[in-house]
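Undergrad: Fold the stuff below for me.
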Amino acid sequence: MGTPLNPAVPPVTGGFSPLAPGSPGSPFDANGNLKPTTPDSVVVQPPHWQRWWHYNRDGFLNLSAMLSGMDTRTLNPGEIPSSAMVAPLLQKALLGGGDTQLIRGSLLALGRLPMNSEAHQVLPLGFASREFLKSNHPPSREAAVLALGLGGDPADLNVLLDLFEGTPAGAKLVDDERVDPRTRAFAAYALSLFANRTSDTASHERIGRALLEVLVLDDHATFELHNAAVLALGLVPLPPCDGTDSTTGPQLGEENAHLCVGIQLGTLTNYFKDEAHYPALRAHAGPALARLAANGLPEYKIEVGEALLETLSIRSKSEAEIQEGAIIGLGLLGDADSDSIDKEIRMTLTRLAQKADGLSARLAMVSLARVSSRPGTNRPGAGTASTLSWLEQQVKSGKEGSDAWAAMSLAVMAHDLAESGQEIPDSIAKTLRSALKRAKTEELATSACVGLGLLRDLEGAELLEARFLADDSQAVRGAAALALGLMESTESIALLRKELDSKKADPGVLRQVSIALRLLGDRTATKDLITRLGESEDVNERSSIISTLGILHDPSAIGAVSAILADAKEDDKLRGVAAFALAELADDSSSVWSESLSTDLTYSTMAWTLESPFGDGSGILDMRWW
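TA: Here you go, the predicted structure:
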């Protein structure tokens, strides 16, 4: 028997829209619903799958790994790596100053340059960031904190811990009487990013200890700080339990207190169940618990699963956001075998997908697909076929909104089956092709396009080309273009090239077409975008082109993008986008820097440090790419 969740843990006292959901001008409100079209409208629209996709797409598309790996080669003698070319430009931009976009972009770019590279010899990250920690301009200070987390330099860990814990040393770093709550929250996110950049066990333990102590013992911790600490705690797993009885030795907050993943799980379970905490905070504990328990001892899975299932029982009166967090958590935890806990998880998710209201039902579809794609060990895959059949029926049902979510869930299921080396049933691609052929709504059409792209279903290429040519929706056309690139439909290159050459191309479609052509091996896309960049006088169009050049990961764009950043006469906003793009071009990691924070997120309720409700780009997830 493994060690159960620690019973002595003390209770805690303390896509396709360019605009962020909930921000001014976005078609979505903070709950993921379409905003009313008239002031007196009372029609409640169903939640749209695009918002879920906005936060979760990175792990499914895997574009960073595919695009950044297309031009890897050994440098010639004396050749300067791209990261070393970028660093002096960032240094000059930071020394020259500018608006929020420029400073934020340059600092985050500096943090994303490869660790131990020549770039950080040119401009040490710690030195550059610490100067901005003292800034009276919060966005600059917060970007500096994130940069230290992204950099992952062992020398900067103490800085991040002092900022997060709000120590006197931390107050000195920000040149103030105390570290303000927002900066402390950003330090929590930065610590999770730091942990993701290092395999050092001692660093993970120091970070985990700090997160636990603030969450449990800091009576002055704010809502923002709790939200950040809960999220981060789920991303920094501590070592497995070694059998130590934590009830007899030093306790949390005392020197040499025992720490293990069981302590983490016990703390978060108490937090999740404690009705004294805001539901919006408890909602984030569900996925965090599941992340920590998913690959641990069987006892952990059972105890966490039971805690999540309890909030989803028929008699449960738990708030909607708590149930949404539990549903997402179950999607990370369960599998398709015949273990009692897994059968109960699938049964509960099926019931919710069929009968729950709004977002809960849709999220249950996705979680059911994820659970059913993991074979398990006790009669592996026993529940896969029934889920597959039910989801296919939902796609065919024609129920507006629900059919699009079911189509996306099928694609997720196929993706996860492939990831685990299992065979993908032919019926999934057939169902999605049929859905795209008959789709009359943008919702279903975009979902089917993305799904066929994830499946790499070349048989659907002709349908996608037809949609790309004839559909009035730019969102559908963009999704179709990306899908053609993902499935490596080389016969579609001429069609996509024609769109790239069009002077009237929609910026969003142009981006998806460029990505598709790059995936198809067409190197002229970068050249054409650089030409268009030089000819355009529209700031928004140029901004979109610059960011697209970064996403493409084509080294041949470094010169043109560098020129934008280096030109002090250029608009600071453009220079900030150029800094982001250069970071993308020089970043050698295989995942999007913010992926760990945005994936499997209870996105219906978020602190302002995660996503700003004002559309000002001040939340960490507002700083993502596209």
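
Undergrad: What ranges does the stretch 1-150 of the chain have for its helices?
TA: 49-61, 63-68, 82-96, 100-112, 118-122, 125-133, 138-151 (DSSP state H, counting those that start in this stretch).

Undergrad: same question but for the stretch 301-450 of the chain, I mixed them up
TA: Under DSSP H, counting those that start in this stretch, the stretch 301-450 of the chain gives helices at 320-333, 340-355, 358-372, 384-396, 402-419, 426-438, 442-455.

Undergrad: Run the chain-centre distance for the first one.
TA: Taking C-alpha atoms, centre = their mean, to the nearest Å, one finds helix 320-333 lying 17 Å from the centre of the chain it belongs to.

Undergrad: can you check the last one too?
TA: Between the mean C-alpha point of helix 442-455 and the mean C-alpha point of its chain there is a distance of 20 Å (C-alpha atoms, centre = their mean).

Undergrad: what do you get for the third one?
TA: Taking C-alpha atoms, centre = their mean, one finds the center of helix 358-372 at 18 Å from the center of the full chain.

Undergrad: Against which helices or strands is it packed?
TA: helix 49-61, helix 320-333, helix 340-355, helix 384-396, helix 402-419 (3 or more C-beta pairs under 8 Å, 6 or more residues apart in numbering; DSSP states H and E). Every residue, glycine included, has its C-beta placed from N, CA and C.

Undergrad: Compare those helices and give me the one nearest residue 520.
TA: Among the helices and strands packed on helix 358-372, the nearest to residue 520 by C-beta to C-beta is helix 49-61 (15.2 Å).

Undergrad: Quick one: mean pLDDT for the closest one?
TA: Averaging pLDDT along helix 49-61 gives 95.

Undergrad: Would you mind listing the outside residues contacting that helix?
TA: Helix 49-61 has contacts (C-beta atoms under 8 Å, 6 or more residues apart in numbering) with 15-17, 21, 28, 32, 64, 362-363, 366, 404-405, 408, 412, 415, 443, 446-447, 450, 454, 475, 486, 591-592, 594-595, 598-601, 603, 621.

Undergrad: Then stretch 254-262?
TA: 3-6, 205, 208-209, 212, 237-242, 244, 246, 249-251, 292, 296, 300.

Undergrad: how about 10 Å then?
TA: For stretch 254-262, contacts defined as C-beta atoms under 10 Å, 6 or more residues apart in numbering pick out 2-7, 9, 205-206, 208-209, 212-213, 237-252, 263, 266, 292-293, 295-297, 299-300, 303.

Undergrad: Least confident secondary structure element in the chain?
TA: Lowest on mean pLDDT, DSSP states H and E among the helices and strands of the chain sits helix 118-122, with a mean of 56.

Undergrad: Not counting sequence-adjacent ones, nearest residue to residue 508?
TA: residue 478 (5.2 Å; C-beta to C-beta, 6 or more residues apart in numbering).

Undergrad: Got phi/psi on the residue of the chain most remote from its centre?
TA: In the chain, the greatest distance from the average C-alpha position (C-alpha atoms, centre = their mean) is reached by residue 248, at 39.9 Å. Backbone torsions for residue 248, taken as degrees, to the nearest 10, come to phi -100, psi -20.

Undergrad: Check the spacing between it and residue 258 real quick.
TA: According to C-beta to C-beta, to the nearest Å, residue 248 and residue 258 sit 9 Å apart.

Undergrad: and residue 376, what does it touch?
TA: Applying C-beta under 10 Å, 6+ apart, the residues near residue 376 are 334, 335, 336, 337, 338, 339, 342, 382, 383, 384.

Undergrad: Test my guess that the third one contacts residue 349.
TA: When you say that, I think you mean residue 336. No - using C-beta atoms under 10 Å, residue 336 is not in contact with residue 349; the gap is 11.6 Å.

Undergrad: so how far is residue 57 from the residue nearest to residue 508?
TA: Using C-beta to C-beta, residue 478 is found at 13 Å from residue 57.

Undergrad: ok, those two, which is more surrounded?
TA: Comparing residue 478 with residue 57 by other C-beta atoms under 10 Å, the one with more neighbours is residue 478, at 26 against 20.

Undergrad: hang on, the more buried one in a helix?
TA: Yes - counting by DSSP: H, G, I helix; E, B strand; the rest coil, residue 478 is located in a helix.

Undergrad: Which pLDDT value does the model give it?
TA: 97.

Undergrad: Please apply the same query to residue 247.
TA: Note on residue 247: pLDDT of 78.

Undergrad: so what pLDDT did the nearest residue to residue 533 once chain neighbours are set aside get?
TA: The spatial neighbour of residue 533 that comes closest, neighbours along the chain excluded (C-beta to C-beta, 6+ apart), is residue 545 at 4.7 Å. According to the prediction, residue 545 has pLDDT 96.

Undergrad: So residue 545 versus residue 187, what's the distance?
TA: Relative to residue 187, residue 545 is positioned 34 Å away (criterion: C-beta to C-beta).

Undergrad: who's more crowded, these two?
TA: Set residue 545 next to residue 187 and count neighbours by other C-beta under 10 Å: residue 187 wins out with 30 against 27.

Undergrad: Isn't the more buried one up against residue 225?
TA: Yes - assessed by C-beta under 10 Å, residue 187 is found in contact with residue 225 at 9.2 Å.

Undergrad: Now do the shared contacts for those two.
TA: The contact lists of residue 187 and residue 225 share 164, 166, 214, where a contact means C-beta under 10 Å, 6+ apart.

Undergrad: ok, the second one touching residue 221?
TA: Which is residue 166. Yes - using C-beta under 10 Å, residue 166 is in contact with residue 221, at 9.0 Å.

Undergrad: give me the low-pLDDT residue ranges for the stretch 51-200 of the chain?
TA: Applying pLDDT under 70 to the stretch 51-200 of the chain flags the ranges 71-84, 115-124.

Undergrad: 50 instead?
TA: Low-confidence segments of the stretch 51-200 of the chain, defined by pLDDT under 50: 73-76, 78-80.

Undergrad: what sits against the spatially closest residue to residue 589 that is not a sequence neighbour?
TA: What sits nearest to residue 589 in space, not counting adjacent residues and going by C-beta to C-beta, 6+ apart, is residue 64, at 7.0 Å. Contacts for residue 64 (C-beta under 10 Å, 6+ apart) come out as 58, 551, 553, 584, 587-593, 595, 625.

Undergrad: Kindly recompute the last result at 7 Å.
TA: 590, 591, 592 (C-beta atoms under 7 Å, 6 or more residues apart in numbering).

Undergrad: gap between it and residue 147?
TA: When distance is defined by C-beta to C-beta, residue 64 is 19 Å away from residue 147.

Undergrad: highest average neighbour count across the helices and strands packed on helix 358-372?
TA: Comparing these by mean neighbour count (mean count of other C-beta atoms under 10 Å), helix 320-333 ranks first with a mean of 27.

Undergrad: returning to that earlier point: closest one to residue 314 among the helices and strands packed on helix 358-372?
TA: helix 340-355 (8.0 Å).
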